[in-house]
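Chemist: Structure for this input, please:
(one chain, ligands or ions: 1)
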Amino acid sequence: MTAGRVIVDEDGDGLDDEAPPIVVRNLVSQFGDNVIHDHLNLTIERGEVVGVVGGSGTGKSVLLNTIIGLKQPEGGTVEIFGHDINHASRKDWASIERSWGVLFQQGALFSALTVRENVAAPLFEHTRLSRAEIYELAELKIALAGLPPHAGALKPAELSGGMIKRASLARALALDPQLLFLDEPTSGLDPISAGAFDELIKDLSDSLGLTVFMITHDLDSLYTITDRVAVLAEKRVVAEAPVKELEHSEHPWIREYFLGPRGRAAAQSVKAAGRSD
Ligand SMILES: Nc1ncnc2c1ncn2[C@@H]1O[C@H](COP(=O)(O)OP(=O)(O)OP(=O)(O)O)[C@@H](O)[C@H]1O
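Modeler: Model prediction:
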(Lines give C-alpha, C1' and ligand atoms only; values in the text may rest on other atoms or scores of the structure.)
Protein backbone atom coordinates (compact mmCIF):
# COMPACT_ATOMS: atom_id res chain seq x y z
CA MET A 1 0.00 0.00 0.00
CA THR A 2 1.24 3.48 -0.78
CA ALA A 3 1.03 6.35 1.64
CA GLY A 4 -2.14 8.02 0.41
CA ARG A 5 -0.93 9.21 -3.01
CA VAL A 6 -0.55 7.85 -6.51
CA ILE A 7 2.99 6.63 -6.96
CA VAL A 8 5.17 7.86 -9.81
CA ASP A 9 7.40 4.99 -10.91
CA GLU A 10 8.96 5.71 -14.28
CA ASP A 11 11.94 3.40 -13.80
CA GLY A 12 9.70 0.45 -12.83
CA ASP A 13 11.53 -0.40 -9.62
CA GLY A 14 8.27 -0.44 -7.61
CA LEU A 15 9.28 2.67 -5.63
CA ASP A 16 7.82 6.16 -5.78
CA ASP A 17 10.34 8.28 -7.74
CA GLU A 18 9.17 11.44 -5.97
CA ALA A 19 8.72 10.34 -2.35
CA PRO A 20 11.49 10.83 0.23
CA PRO A 21 13.50 7.66 1.01
CA ILE A 22 12.40 7.70 4.67
CA VAL A 23 9.40 9.30 6.36
CA VAL A 24 8.71 8.34 9.98
CA ARG A 25 5.47 9.80 11.34
CA ASN A 26 4.33 9.83 14.95
CA LEU A 27 6.24 6.66 15.72
CA VAL A 28 5.45 4.98 19.03
CA SER A 29 7.75 2.10 20.04
CA GLN A 30 7.63 0.23 23.29
CA PHE A 31 8.63 -2.99 25.01
CA GLY A 32 5.93 -3.75 27.57
CA ASP A 33 5.50 -0.56 29.59
CA ASN A 34 8.89 0.79 28.50
CA VAL A 35 8.11 3.51 25.93
CA ILE A 36 11.16 4.09 23.70
CA HIS A 37 9.69 6.48 21.10
CA ASP A 38 6.70 8.72 21.74
CA HIS A 39 5.40 10.31 18.54
CA LEU A 40 8.80 10.53 16.90
CA ASN A 41 9.01 12.21 13.48
CA LEU A 42 11.89 12.10 11.00
CA THR A 43 12.12 12.67 7.25
CA ILE A 44 15.25 11.97 5.22
CA GLU A 45 15.50 13.38 1.70
CA ARG A 46 17.21 11.85 -1.32
CA GLY A 47 20.99 11.95 -1.37
CA GLU A 48 21.28 13.16 2.22
CA VAL A 49 23.78 11.70 4.67
CA VAL A 50 22.03 11.94 8.03
CA GLY A 51 23.76 11.12 11.30
CA VAL A 52 21.55 9.83 14.12
CA VAL A 53 22.91 10.55 17.59
CA GLY A 54 21.63 10.32 21.14
CA GLY A 55 22.67 9.05 24.55
CA SER A 56 22.97 5.35 25.22
CA GLY A 57 19.56 3.69 25.32
CA THR A 58 17.68 6.54 23.63
CA GLY A 59 16.44 4.13 20.96
CA LYS A 60 18.68 4.62 17.94
CA SER A 61 18.96 0.91 17.16
CA VAL A 62 15.26 0.38 17.87
CA LEU A 63 14.52 3.18 15.39
CA LEU A 64 16.71 1.53 12.74
CA ASN A 65 15.12 -1.88 13.38
CA THR A 66 11.65 -0.34 13.08
CA ILE A 67 12.48 1.47 9.85
CA ILE A 68 13.75 -1.75 8.24
CA GLY A 69 10.76 -3.75 9.45
CA LEU A 70 12.50 -5.94 12.04
CA LYS A 71 10.30 -4.42 14.76
CA GLN A 72 6.63 -3.56 14.43
CA PRO A 73 5.75 -0.08 15.71
CA GLU A 74 3.13 0.29 18.43
CA GLY A 75 1.88 3.42 16.66
CA GLY A 76 2.61 5.71 13.72
CA THR A 77 3.94 4.87 10.28
CA VAL A 78 7.20 4.28 8.44
CA GLU A 79 7.26 5.05 4.73
CA ILE A 80 10.10 4.00 2.44
CA PHE A 81 10.02 5.64 -1.02
CA GLY A 82 6.29 6.21 -0.59
CA HIS A 83 5.34 2.75 0.73
CA ASP A 84 3.96 2.23 4.23
CA ILE A 85 6.18 -0.73 5.15
CA ASN A 86 3.72 -2.21 7.62
CA HIS A 87 0.93 -2.40 5.04
CA ALA A 88 2.98 -3.27 1.97
CA SER A 89 1.94 -6.07 -0.40
CA ARG A 90 4.45 -8.90 -0.90
CA LYS A 91 5.46 -7.35 -4.22
CA ASP A 92 5.94 -3.89 -2.72
CA TRP A 93 7.89 -5.36 0.20
CA ALA A 94 10.27 -7.06 -2.28
CA SER A 95 10.88 -3.66 -3.94
CA ILE A 96 11.37 -1.98 -0.56
CA GLU A 97 13.85 -4.62 0.62
CA ARG A 98 15.86 -4.28 -2.58
CA SER A 99 16.06 -0.50 -2.13
CA TRP A 100 18.29 -0.69 0.94
CA GLY A 101 21.51 -2.12 2.24
CA VAL A 102 22.25 -2.45 5.94
CA LEU A 103 25.60 -2.44 7.68
CA PHE A 104 24.94 -3.83 11.16
CA GLN A 105 27.19 -2.88 14.05
CA GLN A 106 28.98 -6.23 14.31
CA GLY A 107 29.06 -6.72 10.54
CA ALA A 108 26.75 -9.76 10.74
CA LEU A 109 28.72 -11.70 8.13
CA PHE A 110 28.17 -15.47 7.86
CA SER A 111 31.27 -16.87 9.54
CA ALA A 112 31.31 -20.13 7.55
CA LEU A 113 31.30 -18.31 4.20
CA THR A 114 34.09 -16.46 2.43
CA VAL A 115 33.79 -12.72 1.83
CA ARG A 116 32.89 -13.41 -1.82
CA GLU A 117 30.13 -15.84 -0.76
CA ASN A 118 28.84 -13.38 1.83
CA VAL A 119 28.57 -10.61 -0.78
CA ALA A 120 27.00 -13.03 -3.27
CA ALA A 121 24.31 -14.20 -0.78
CA PRO A 122 21.80 -11.33 -1.34
CA LEU A 123 22.30 -11.65 -5.10
CA PHE A 124 21.41 -15.36 -4.98
CA GLU A 125 18.38 -14.53 -2.83
CA HIS A 126 17.00 -11.56 -4.76
CA THR A 127 18.08 -11.95 -8.40
CA ARG A 128 17.91 -14.56 -11.14
CA LEU A 129 21.44 -13.89 -12.37
CA SER A 130 23.71 -16.81 -13.21
CA ARG A 131 26.32 -18.03 -10.72
CA ALA A 132 29.13 -16.59 -12.87
CA GLU A 133 27.40 -13.18 -13.10
CA ILE A 134 26.78 -13.13 -9.35
CA TYR A 135 30.41 -13.85 -8.50
CA GLU A 136 31.55 -11.24 -11.01
CA LEU A 137 29.28 -8.66 -9.36
CA ALA A 138 30.49 -9.73 -5.90
CA GLU A 139 34.10 -9.05 -6.98
CA LEU A 140 33.07 -5.60 -8.18
CA LYS A 141 31.42 -4.76 -4.84
CA ILE A 142 34.46 -6.04 -2.95
CA ALA A 143 36.65 -3.65 -4.97
CA LEU A 144 34.12 -0.82 -4.52
CA ALA A 145 34.38 -1.25 -0.74
CA GLY A 146 38.14 -0.79 -1.01
CA LEU A 147 39.22 -4.37 -0.29
CA PRO A 148 42.11 -6.00 -2.15
CA PRO A 149 41.15 -8.79 -4.61
CA HIS A 150 42.53 -11.60 -2.42
CA ALA A 151 40.08 -10.64 0.37
CA GLY A 152 37.24 -12.36 -1.51
CA ALA A 153 38.62 -15.79 -0.67
CA LEU A 154 39.02 -15.08 3.07
CA LYS A 155 36.62 -16.01 5.87
CA PRO A 156 35.50 -13.30 8.35
CA ALA A 157 37.77 -14.72 11.10
CA GLU A 158 40.78 -13.99 8.85
CA LEU A 159 39.91 -10.28 8.47
CA SER A 160 40.93 -7.22 10.51
CA GLY A 161 38.18 -5.07 12.06
CA GLY A 162 38.47 -2.53 9.23
CA MET A 163 38.28 -5.27 6.60
CA ILE A 164 35.17 -6.74 8.26
CA LYS A 165 33.47 -3.34 8.00
CA ARG A 166 34.43 -3.10 4.33
CA ALA A 167 33.28 -6.67 3.60
CA SER A 168 29.95 -5.90 5.31
CA LEU A 169 29.70 -2.72 3.28
CA ALA A 170 30.37 -4.69 0.07
CA ARG A 171 27.48 -7.00 1.02
CA ALA A 172 25.22 -4.04 1.86
CA LEU A 173 25.95 -2.65 -1.63
CA ALA A 174 25.35 -5.98 -3.41
CA LEU A 175 21.90 -5.10 -4.74
CA ASP A 176 22.82 -1.53 -5.76
CA PRO A 177 20.70 0.03 -3.01
CA GLN A 178 19.51 3.64 -3.10
CA LEU A 179 19.46 3.76 0.68
CA LEU A 180 22.19 2.69 3.07
CA PHE A 181 21.72 2.10 6.81
CA LEU A 182 24.85 2.14 8.93
CA ASP A 183 24.84 1.22 12.63
CA GLU A 184 27.97 2.70 14.23
CA PRO A 185 30.15 2.00 11.18
CA THR A 186 33.40 3.23 12.73
CA SER A 187 33.01 1.68 16.19
CA GLY A 188 36.00 -0.46 17.08
CA LEU A 189 38.23 1.06 14.39
CA ASP A 190 41.40 2.99 15.12
CA PRO A 191 41.16 6.71 14.20
CA ILE A 192 43.03 6.30 10.90
CA SER A 193 40.88 3.36 9.74
CA ALA A 194 37.77 5.21 10.94
CA GLY A 195 38.76 8.30 8.92
CA ALA A 196 39.38 6.16 5.82
CA PHE A 197 36.00 4.46 6.26
CA ASP A 198 34.29 7.86 6.59
CA GLU A 199 35.93 8.97 3.32
CA LEU A 200 34.74 5.79 1.61
CA ILE A 201 31.13 6.37 2.72
CA LYS A 202 31.32 9.99 1.59
CA ASP A 203 32.77 9.03 -1.82
CA LEU A 204 30.14 6.33 -2.31
CA SER A 205 27.26 8.57 -1.33
CA ASP A 206 28.54 11.27 -3.71
CA SER A 207 29.29 8.97 -6.65
CA LEU A 208 26.28 6.64 -6.33
CA GLY A 209 23.82 9.27 -5.06
CA LEU A 210 23.13 7.12 -1.98
CA THR A 211 20.93 8.30 0.85
CA VAL A 212 22.58 7.38 4.15
CA PHE A 213 21.05 6.86 7.61
CA MET A 214 23.98 6.52 10.00
CA ILE A 215 23.81 5.86 13.73
CA THR A 216 27.05 7.01 15.25
CA HIS A 217 28.79 8.17 18.39
CA ASP A 218 31.76 9.28 16.31
CA LEU A 219 31.98 13.07 16.31
CA ASP A 220 34.61 13.06 13.55
CA SER A 221 32.17 11.19 11.27
CA LEU A 222 29.45 13.71 12.06
CA TYR A 223 31.68 16.62 11.14
CA THR A 224 33.23 15.07 8.03
CA ILE A 225 30.42 13.28 6.22
CA THR A 226 26.95 14.25 7.39
CA ASP A 227 24.68 16.81 5.77
CA ARG A 228 22.38 16.79 8.76
CA VAL A 229 22.22 15.32 12.23
CA ALA A 230 19.09 14.06 13.98
CA VAL A 231 19.31 14.06 17.77
CA LEU A 232 17.26 11.53 19.78
CA ALA A 233 16.32 12.54 23.32
CA GLU A 234 13.14 12.54 25.38
CA LYS A 235 11.75 9.70 23.21
CA ARG A 236 11.73 11.75 20.01
CA VAL A 237 13.91 13.71 17.58
CA VAL A 238 14.61 16.93 19.45
CA ALA A 239 16.75 18.56 16.75
CA GLU A 240 17.52 18.03 13.06
CA ALA A 241 20.17 20.32 11.60
CA PRO A 242 23.63 20.48 10.06
CA VAL A 243 26.21 19.75 12.71
CA LYS A 244 27.50 23.36 12.66
CA GLU A 245 24.05 24.64 13.61
CA LEU A 246 23.75 22.17 16.47
CA GLU A 247 26.77 23.80 18.08
CA HIS A 248 24.42 26.72 18.82
CA SER A 249 21.61 24.62 20.28
CA GLU A 250 20.34 25.40 23.76
CA HIS A 251 19.36 21.76 24.45
CA PRO A 252 21.47 20.58 27.41
CA TRP A 253 22.41 17.16 25.97
CA ILE A 254 23.31 18.67 22.60
CA ARG A 255 25.42 21.39 24.24
CA GLU A 256 27.25 18.84 26.33
CA TYR A 257 27.78 16.58 23.33
CA PHE A 258 29.03 19.14 20.82
CA LEU A 259 30.61 21.68 23.12
CA GLY A 260 32.19 19.25 25.60
CA PRO A 261 35.93 18.53 25.23
CA ARG A 262 35.48 15.73 22.66
CA GLY A 263 33.05 17.74 20.56
CA ARG A 264 35.32 20.77 20.49
CA ALA A 265 38.31 18.60 19.56
CA ALA A 266 36.41 17.06 16.64
CA ALA A 267 35.29 20.49 15.39
CA GLN A 268 38.85 21.81 15.67
CA SER A 269 40.46 18.88 13.87
CA VAL A 270 37.99 19.08 10.99
CA LYS A 271 38.58 22.82 10.71
CA ALA A 272 42.36 22.30 10.79
CA ALA A 273 42.14 19.68 8.02
CA GLY A 274 40.05 22.10 5.94
CA ARG A 275 37.27 19.55 5.63
CA SER A 276 34.42 21.82 6.68
CA ASP A 277 32.97 24.98 5.16
N1 LIG B 1 14.32 -6.63 22.34
C2 LIG B 1 14.18 -5.77 23.34
N3 LIG B 1 13.41 -6.06 24.41
C4 LIG B 1 13.23 -5.18 25.41
N5 LIG B 1 13.81 -3.96 25.47
C6 LIG B 1 14.60 -3.62 24.44
C7 LIG B 1 14.82 -4.49 23.33
N8 LIG B 1 15.65 -3.86 22.45
C9 LIG B 1 15.93 -2.67 22.99
N10 LIG B 1 15.30 -2.51 24.18
C11 LIG B 1 15.37 -1.31 25.03
O12 LIG B 1 15.12 -0.18 24.21
C13 LIG B 1 15.91 0.93 24.65
C14 LIG B 1 16.64 1.53 23.48
O15 LIG B 1 17.62 0.59 23.03
P16 LIG B 1 18.55 0.89 21.77
O17 LIG B 1 19.42 -0.32 21.60
O18 LIG B 1 17.74 1.30 20.63
O19 LIG B 1 19.41 2.12 22.29
P20 LIG B 1 20.56 2.90 21.54
O21 LIG B 1 20.18 4.34 21.50
O22 LIG B 1 20.84 2.24 20.22
O23 LIG B 1 21.77 2.69 22.56
P24 LIG B 1 23.36 2.55 22.35
O25 LIG B 1 23.86 3.90 21.96
O26 LIG B 1 23.84 2.17 23.73
O27 LIG B 1 23.60 1.46 21.32
C28 LIG B 1 16.79 0.39 25.78
O29 LIG B 1 16.19 0.76 26.99
C30 LIG B 1 16.77 -1.10 25.59
O31 LIG B 1 16.92 -1.75 26.81
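Chemist: Could you use CA atoms for every contact and neighbour count after this?
Modeler: Will do.
Chemist: and residue 79, how many neighbours?
Modeler: Residue 79: 23 surrounding residues under other C-alpha atoms under 10 Å.
Chemist: out of everything not next to it in sequence, what's closest to it?
Modeler: In space, and not counting its chain neighbours, residue 79 is closest to residue 23: 5.0 Å by C-alpha to C-alpha, 6 or more residues apart in numbering.
Chemist: hang on, isn't residue 198 packed against residue 222?
Modeler: No: counting by C-alpha atoms under 8 Å, residue 198 sits too far from residue 222 to count as a contact (9.4 Å).
Chemist: Can you give the strand pairings for the helix or strand hosting the residue nearest to residue 79, parallel or anti for each?
Modeler: Here residue 23 is covered by strand 22-31, with elements defined by DSSP states H and E. Here strand 22-31 has these sheet partners by DSSP bridges: strand 34-44 (antiparallel), strand 75-80 (antiparallel).
Chemist: just those: most buried one?
Modeler: strand 75-80 (a mean of 22; mean count of other C-alpha atoms under 10 Å).
Chemist: what's that strand in contact with?
Modeler: 3, 20-29, 39, 66-67, 84-86, 96 (C-alpha atoms under 8 Å, 6 or more residues apart in numbering).
Chemist: Report all helices and strands that the very next helix or strand once past it contacts.
Modeler: The helix or strand immediately downstream of strand 75-80 is strand 83-84, counting by DSSP H and E. Packing contacts for strand 83-84, counted by 3 or more C-alpha pairs under 8 Å, 6 or more residues apart in numbering; DSSP states H and E, involve no helix or strand.
Chemist: How far does strand 83-84 sit from its chain's centre?
Modeler: 18 Å (C-alpha atoms, centre = their mean, to the nearest Å).
Chemist: helix/strand/coil for whichever residue of the stretch 101-250 of the chain sits closest to the ligand?
Modeler: Closest contact between the stretch 101-250 of the chain and the ligand, by C-alpha to the nearest ligand atom, is at residue 217 (7.4 Å). Of the three states, residue 217 takes coil according to DSSP: H, G, I helix; E, B strand; the rest coil.
Chemist: Now for it, how many residues are close by?
Modeler: Neighbourhood size, residue 217 [other C-alpha under 10 Å]: 20.
Chemist: and the strand or helix carrying residue 231, anywhere near the ligand?
Modeler: Using DSSP H and E, residue 231 falls within strand 228-233. No: using C-alpha under 6 Å from any ligand atom, strand 228-233 never reaches the ligand; the gap is at least 8.0 Å.
Chemist: So which other helices or strands are in contact with that strand?
Modeler: Counting by 3+ C-alpha pairs under 8 Å, 6+ apart, strand 228-233 packs on strand 49-54, strand 236-241.
Chemist: Kindly reformat those as JSON lines containing mean neighbour count.
Modeler: Below are those laid out as JSON lines (neighbours: other C-alpha atoms under 10 Å):
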{"stretch": "strand 49-54", "mean neighbour count": "25"}
{"stretch": "strand 236-241", "mean neighbour count": "18"}
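Chemist: can you put the ones you listed in a markdown table and add mean pLDDT?
Modeler: Rendered in a markdown table, the data for these read as follows (pLDDT from 0 to 100):
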| stretch | mean pLDDT |
| --- | --- |
| strand 49-54 | 96 |
| strand 236-241 | 96 |
